[in-house]
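Peer 1: I'd like to go over a predicted model; first the sequence, then the structure.
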Amino acid sequence: MSEGHSLVRGIRDALLRPSRLPVVLAVLATLVLGALAHWQNQVAFDQRARSDVLKELSVVRAKLEGNINGNIQLVRGLVATIATEPEMNQERFAQLAGKLFEERSQLRNIAGAPDLVVSLMYPLKGNEQAIGLDYRQNDAQREAALRARDSGKLVLAGPVALLQGGEGFIARFPVFIDQGGDKVFWGIVSSVVETRRLYADSGLFDAALGIEVAIEGRDGLTGDGRRFYGDARVQQSRPVTADVILPAGRWEIAAIPRGGWQFIAPNAW
C-alpha cells in the first residue's frame, strides 16, 4: 500500500512541478475543448438528421392530407343533391355517383343509407353484400354512424374491415332535408376510401422513401395511442411527428430514418 501511495505521490509531484504546470493546463484545456467540440458536432448531426426526416415526413403528410380532403370534397356535391332529391332511386344515384369516379381519387364505393339502412350503392358490382346493412346493428360501424347523425357533422371512421372485403376509411355525411321549414334527418351517405390505395398514392410504399412511418388516430381521434399503420418501434424511438389535419379530427404521423437513428456522427473522430 505504501509503495502505491508513493507512486501516486511521485506522479502528482512530477505533474505539478512549476516547470510542467503550463503543459498540464494545456492538456486539460485541450481535453475540455475536444469534449465541447464533440458535443457540438453531435448536436449539429442530430439536428440535421431530424431535419432530413421532417422534410420527407412533411411530403407524406401533405399527400395524405390532400388525398383525404380531395376524396371528401368529391362526395359533398352528391350529398347536397340528395338533400334536394330525398326520393332518389338506385339508377339516379348510380348516374350521379358514377361521375365522381371519373376523377382521380382513392374512392372504392359510395353508399346511401336512408334511415341508416344501406339501399343505394355505387358501384353495385362487388358491393352487393353491403345492401341492406343497418348501421344500428353493426358493431364496427354503429358508433360512427350515430355520431354523424347526432352531431350533424361529417365523421371519418377507420380504418375498418369492410363487409365486401378489404379495409377502408369511411367518411359519413349526415343528410338533412327540409320539411315545412324544419330540418329532418334523411340518413347517411358513406364514401369508402381504400386504405392501400391511399397509402400508395401518398408515398408510403415508395421504395425510395428514406423514413419509417407510424400513424395513430383511429377514427380521427388522437391521444389514445391507437396506431393503425406502421411499427410501434417507430413511436418508441424519439420520432419526428406531425399532424395530418382531417375534415373531421386528425391523425398523428411519426417518423424515424429507415433502419433507425445513427447515434454517433460519422465525423466524430
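Peer 2: Yep, it's here.
Peer 1: which regions of this protein sit below the pLDDT cut-off?
Peer 2: Across the chain, the ranges flagged by pLDDT under 70 are 1-45, 263-269.
Peer 1: Helices along that one, start to end?
Peer 2: Using DSSP state H, the helices of the chain run over residues 2-15, 21-84, 90-100, 142-151, 195-201, 232-235.
Peer 1: Now Phe169. Nearest residue, chain neighbours left out?
Peer 2: Gly158 (3.8 Å; Cβ to Cβ, 6 or more residues apart in numbering). The way it works is simple: take the backbone N, C-alpha and C, and place the C-beta from them, glycine included.
Peer 1: Quick one: neighbours of the one you found, just the number.
Peer 2: When neighbours are defined as other Cβ atoms under 10 Å, Gly158 has 21 of them.
Peer 1: which ones are touching it?
Peer 2: Contacts for Gly158 (Cβ atoms under 8 Å, 6 or more residues apart in numbering) come out as 167-170, 193, 195, 218-219, 228.
Peer 1: so of those, which ones are in strands?
Peer 2: Counting by DSSP state E, the part of the contacts of Gly158 found in strands is 167-170, 193, 228.
Peer 1: Just the buried ones among those, please.
Peer 2: Buried residues within those, defined by neighbour count using 16 or more other Cβ atoms under 10 Å: 168-170, 193, 228.
Peer 1: would JSON lines of the ones in strands among the contacts of Gly158 with distance to Lys99 be doable?
Peer 2: Formatted as JSON lines, the ones in strands among the contacts of Gly158 follow (distance: Cβ to Cβ, whole Å):
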{"residue": "Glu167", "distance to Lys99": "26"}
{"residue": "Gly168", "distance to Lys99": "21"}
{"residue": "Phe169", "distance to Lys99": "22"}
{"residue": "Ile170", "distance to Lys99": "21"}
{"residue": "Val193", "distance to Lys99": "18"}
{"residue": "Phe228", "distance to Lys99": "31"}
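Peer 1: Let me know the closest of these to Pro114.
Peer 2: Among the ones in strands among the contacts of Gly158, Ile170 lies closest to Pro114 (Cβ to Cβ), at 17.2 Å.
Peer 1: ok, Lys63 touching Gly203?
Peer 2: Yes: under the criterion of Cβ atoms under 8 Å, Lys63 is in contact with Gly203, at a separation of 5.6 Å.
Peer 1: Mutual contacts of these two, please.
Peer 2: By Cβ under 8 Å, 6+ apart, no residue touches both Lys63 and Gly203.
Peer 1: so who does the residue nearest to Val118 when sequence neighbours are not counted touch?
Peer 2: Leaving out its chain neighbours, the residue that sits closest to Val118 by Cβ to Cβ, 6+ apart is Leu133, at 4.5 Å. Leu133 makes contact with 113, 117-118, 141, 163 under the criterion Cβ under 8 Å, 6+ apart.
Peer 1: how close does Leu133 get to Asn89?
Peer 2: Using Cβ to Cβ, to the nearest Å, one gets 18 Å for the distance from Leu133 to Asn89.
Peer 1: chain center to stretch 47-60: distance?
Peer 2: Its chain's average C-alpha position is 15 Å from that of stretch 47-60, according to Cα atoms, centre = their mean, to the nearest Å.
Peer 1: Buried residues in that stretch, which are they?
Peer 2: 49-50, 53-54, 56-57, 60.
Peer 1: same thing with stretch 140-150?
Peer 2: By 16+ other Cβ under 10 Å, the buried positions in stretch 140-150 come out as 141, 144-149.
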